[in-house]
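1. No sequence on hand, only this structure:
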């Protein structure tokens, strides 16, 4: 069973990112503040549940959250900063977009670039421990998948509707055959 908070603050925000290991597309992050009694069925780390369940949970999370926001960092920002720093930038943007100021940030993973004015705690595997991080995981993943689906309509040869830009064999084969798109991360090992 996932825990409500790490610190006991009612306005604790969970943060997570999606798309860090992709070959194409922006990195997305979400920040979510949940009410303490919010515990929908199947809420878990986005990687542990099906796409159908993620899509069903997204409106439930957005409707019940005290506040939620999604941020992203572009392919150009990933190239100029590196993927870790771009992930932190996307998280910072998500926190800045929250309609409610969080009392504390809990971040999935072992590193985070401090955000002025906010205390934070990094939690390895936090998306499988805390509800707000699991919710952030789901929002970051579903919003990124939706973005990649839109890009797939423009660049169907890469099959982003299926691989969301991740380094699958089919995605790499498409890069070999068609070359790269403006949405590929040129600093990554694409082949």
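-> Thanks, I have the structure now. Everything numeric in this text was worked out from a predicted model, so none of it was measured.
2. all contacts plus neighbour counts: C-alpha atoms, from now on.
-> Noted.
3. Where do the helices of the protein begin and end?
-> Counting by DSSP state H, the chain has these helices, from start to end: 51-64, 75-81, 83-97, 131-154, 160-163, 169-178.
4. Report the buried residues of the shortest one.
-> So that's helix 160-163. Neighbour-count burial for helix 160-163, counted by 16 or more other Cα atoms under 10 Å, picks out 160, 161, 163.
5. can you pull the contacts of residue 44?
-> By Cα atoms under 8 Å, 6 or more residues apart in numbering, the contact set of residue 44 is 2, 127, 128, 131, 134, 135.
6. Quick check: residue 181 vs residue 161, distance?
-> 15 Å (Cα to Cα, to the nearest Å).
7. what's the answer for residue 76, then?
-> For residue 76, the distance to residue 161 - Cα to Cα - is 22 Å.
8. now swap in residue 51 and tell me
-> With Cα to Cα as the criterion, residue 51 and residue 161 are 12 Å apart.
9. Next: residue 154.
-> Residue 154 is 11 Å from residue 161, where distance means Cα to Cα.
10. next one: residue 93
-> Taking Cα to Cα, one finds residue 93 at 26 Å from residue 161.
11. Also residue 114?
-> For residue 114 relative to residue 161 (Cα to Cα), the value is 34 Å.
12. same question, residue 83
-> 22 Å.
13. Check residue 33 too.
-> 29 Å.
14. before we move on, what about residue 64?
-> According to Cα to Cα, residue 64 and residue 161 sit 28 Å apart.
15. The residue lying closest to residue 119 once chain neighbours are set aside: neighbouring residues, count only.
-> Leaving out its chain neighbours, the residue that sits closest to residue 119 by Cα to Cα, 6 or more residues apart in numbering is residue 104, at 5.3 Å. Using other Cα atoms under 10 Å, residue 104 has 22 neighbouring residues.
16. my read: residue 31 touches residue 98, true?
-> Yes: when contacts are counted by Cα atoms under 8 Å, residue 31 is listed as touching residue 98 (7.4 Å).
17. So these two - more neighbours on which side?
-> residue 31 (36 against 19).
18. Show the backbone phi and psi for the nearest residue to residue 166 once chain neighbours are set aside.
-> Leaving out its chain neighbours, the residue that sits closest to residue 166 by Cα to Cα, 6+ apart is residue 22, at 4.2 Å. Main-chain torsions, residue 22, degrees, to the nearest 10: phi -80, psi 160.
19. so who does residue 22 touch?
-> 164, 165, 166, 167.
20. Closest one of those to residue 188?
-> residue 167 (10.3 Å; Cα to Cα).
21. Just give me the neighbour total for that closest one.
-> Neighbour tally, residue 167, other Cα under 10 Å: 17.
22. circling back: distance to residue 47 and pLDDT added to the buried residues of helix 160-163, as a markdown table?
-> Shown next, in a markdown table, are those (distance: Cα to Cα, whole Å; pLDDT from 0 to 100):
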| residue | distance to residue 47 | pLDDT |
| --- | --- | --- |
| 160 | 18 | 97 |
| 161 | 17 | 96 |
| 163 | 14 | 97 |
